[in-house]
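structure of the sequence below:
(chains A and B)
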Amino acid sequence: MNGACVVVGASHAGAQLAASLRRHGWTGRIVLVGDEACLPYHRPPLSKQYLSGEKGQHEILIRPQAAYAKMDVHLTLGVKVEAIDRARRAVALDNGEDLYYDKLALTVGARPRRIPIHGSELENVFYLRNQADVDRIRACIGSHKRAVIIGGGYIGLEAAAALRSTGMAVTVLEACPRVLQRVTAPQVSAFYHRVHGEQGVEVVVDTCVERIDGSTAAEAVACTGGRCYPADLVIIAVGIVPNTELAASAGLAVGDGIVVDECACTSDPDIVAAGDCTWHYNSIYARHLRLESVQNAHEQASVAAATVCGKRDPYHALPWFWSDQYDLKLQIAGLSQGHDQVIVRGDIERGRSFAAFYMKEGRVLAVDAVNKPQEFMLGKRIITGGIAVDPSRVADEGTSLKDLIGA
Amino acid sequence: MPLINYIESDGTTHSVQVEIGSTVMQGAIENGIEGIVAECGGNCTCATCHCYIDDAWFERLREQEEMEKDMLVFAHDTRPTSRLSCQIQVTEELDGLVVHVPPSQY
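Numbers count the residues shown, from 1 in each chain, chains lettered A, B, ... in the order given. I've put the predicted structure just below:
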């Protein structure tokens, strides 16, 4: 454990992996390489408090610079890795240097899905993934200006809420019949649609964008059917794709993500991968998947670090997520895909707090909890522990949560 | 700057100075105290910065907000002195605070 470990990607996973290496006893050199010039930062605030201006750069850092020095993690920032040469055990950097490794970790994340739409290259049209993206978006914010957001997923809705809080007029355009269609039940989509309306955001579903009009700057977003939405700022938020190219061109196994085993090892025993870029097996849901979350970045990175240090600490973790919009604090425990029943506890139709329990064959698969932290924490416990609950009592708020699990 | 004492489950003690206005969680992250994970970065969302406040100090902390109380009800391995360290603001009065770090956050 005294060789060199190169970590490619100064992401949440990369920062965690580097720190975990020391904890697992790696005494050799650790180099964390990132293509952004800034220190690793928390990405979730980018579409929330960082966009609205509530938080600044310093406040979203994962660690201050001094903490890396203390761990003896060498930071190589603002530099891109162009290729991996597995035979020579080296990565080629875009500054012309080669970095030699004994162990390599790929925490290369994902990038926004781009859509080939006329006008998307105009100067006030943005994708939202990095701090620099949001810095550019922030320069376009103005209280009497209009923002059009293409995509009603979590990033689009969070951005809508953040921009609305700055006083902008905001429109969200979603191609599907409902917002959050890929990830939530219809009741939850309807809830978010309603609240955004109450906050003054125009949410338009079932609408495809045809083009963005303007000469140098976007002026309007034109949709099929002829509707046109004036815009001073356009954000395209239609999902992300994993960065697999570096791994694929090095001959590593790649699917919808870099293929790793339960110990975060790729098809090369000297190369691990962690975070949004991986295609991995989830032992709780007994299937392969790719996750876009801090939880996975964090916990899979720890597993990968153990593997690099010659230990075996198979990944076994419940995915969880969160989303902050207005006064709504959504916490999601688990993955709801494949549910056959949704039970709602709380007033989802008129209120602003509820928990939706996604069931399959009478067991809880996932919980979406809005302003219901107890239900979220309980949900995590129920799912990981495989605890049985009586579906007929879940919706009844007269039944205490402790009674629900027979505690 | 107030001195905060973080005691890990194996007894290792880290006595570190933490800036006023920062949080007990941030003090742990900045000083590499590994038992405090803080996945959500201080948002009161994940409960992975859970800690036990030393008995002598617990009553001297400002009261918890509802959100924190709710997060702790079903959190992992709680005790009467459990707190989420991201919700404890460091003030002059906390100079000498003793915080026990749990063996695991999961």
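
use CA for all of it now, contacts and neighbours both
Noted.

would you mind listing what in chain B touches chain A?
By the rule CA under 8 Å from any CA of the partner chain, the part of chain B lying against chain A is B:29-32, B:39-41, B:45, B:67, B:70-75.

which among the residues you listed count as buried?
When these are checked for burial by 16 or more other CA atoms under 10 Å in any protein chain shown, the buried set is B:29-32, B:39-41, B:45, B:70-72, B:74-75.

inside helices: which ones of the residues of chain B next to chain A?
B:29-30, B:67, B:70-73 (DSSP state H).

which pair in those has the greatest spatial separation?
Pairwise distances among those were taken by CA to CA; the largest, 27.6 Å, belongs to B:30 and B:73.

find the residue at the geometric middle of chain B.
Using CA atoms, centre = their mean, the residue of chain B that lies closest to the mean C-alpha position is residue B:85, 2.9 Å off.

that one touches residue B:24, doesn't it?
Yes: using CA atoms under 8 Å as the test, residue B:85 is close enough to residue B:24 to be in contact (5.1 Å).

let me know the pLDDT of residue 72.
Just so you know, I chose chain A. Looking at residue A:72, its pLDDT reads 97.

that's the other chain; I wanted chain B
97.

show me what contacts it?
Residues near residue B:72 by CA atoms under 8 Å, 6 or more residues apart in numbering or on different chains: A:374, B:47, B:78, B:82-84.

among those residues, which lie within strands?
B:82-84 (DSSP state E).

which strands and helices lie in contact with the longest helix along chain A?
Longest helix in chain A, counting residues (DSSP H): helix A:294-308. Secondary-structure packing of helix A:294-308 (3 or more CA pairs under 8 Å, 6 or more residues apart in numbering or on different chains; DSSP states H and E): helix A:12-23, strand A:271-273, strand A:320-325.

so which residues on chain A come close to chain B?
Residues of chain A lying near chain B (CA under 8 Å from any CA): A:42, A:60, A:62-64, A:67, A:71, A:294-295, A:298, A:322, A:331, A:373-374, A:377-378, A:381.

buried among those residues? Need that as a selection in ChimeraX.
Here is the ChimeraX command that picks out the buried ones among the residues of chain A next to chain B, judged by 16+ other CA under 10 Å:
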select /A:42,60,62,63,64,67,71,294,295,298,322,331,373,374,377,378,381
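
can you flag which of the residues of chain A next to chain B belong to helices?
Checked against DSSP H, these include these in helices: A:67, A:294-295, A:298, A:373-374, A:377-378, A:381.

which residues does the residue nearest to residue A:243 when sequence neighbours are not counted contact?
Using CA to CA, 6 or more residues apart in numbering or on different chains and skipping residues adjacent in sequence, the residue nearest residue A:243 is residue A:110, 4.9 Å away. In this structure, residue A:110 makes contact with A:240-243, A:276-277, judged by CA under 8 Å, 6+ apart.

how many other residues sit next to residue A:393?
By other CA atoms under 10 Å in any protein chain shown, the residues close to residue A:393 number 16.

typo on my end, residue A:49
For residue A:49, using other CA under 10 Å, the count is 18.

once you drop chain neighbours, what's closest to it?
Leaving aside its chain neighbours, residue A:49 sits nearest to residue A:55 (5.4 Å; criterion: CA to CA, 6+ apart).

isn't that neighbour up against residue A:47?
No: between residue A:55 and residue A:47 there is no contact, the gap being 11.1 Å when judged by CA under 8 Å.

the two: who's more crowded?
Applying other CA under 10 Å to residue A:55 and residue A:47 shows that residue A:47 carries more neighbours, namely 27 against 14.
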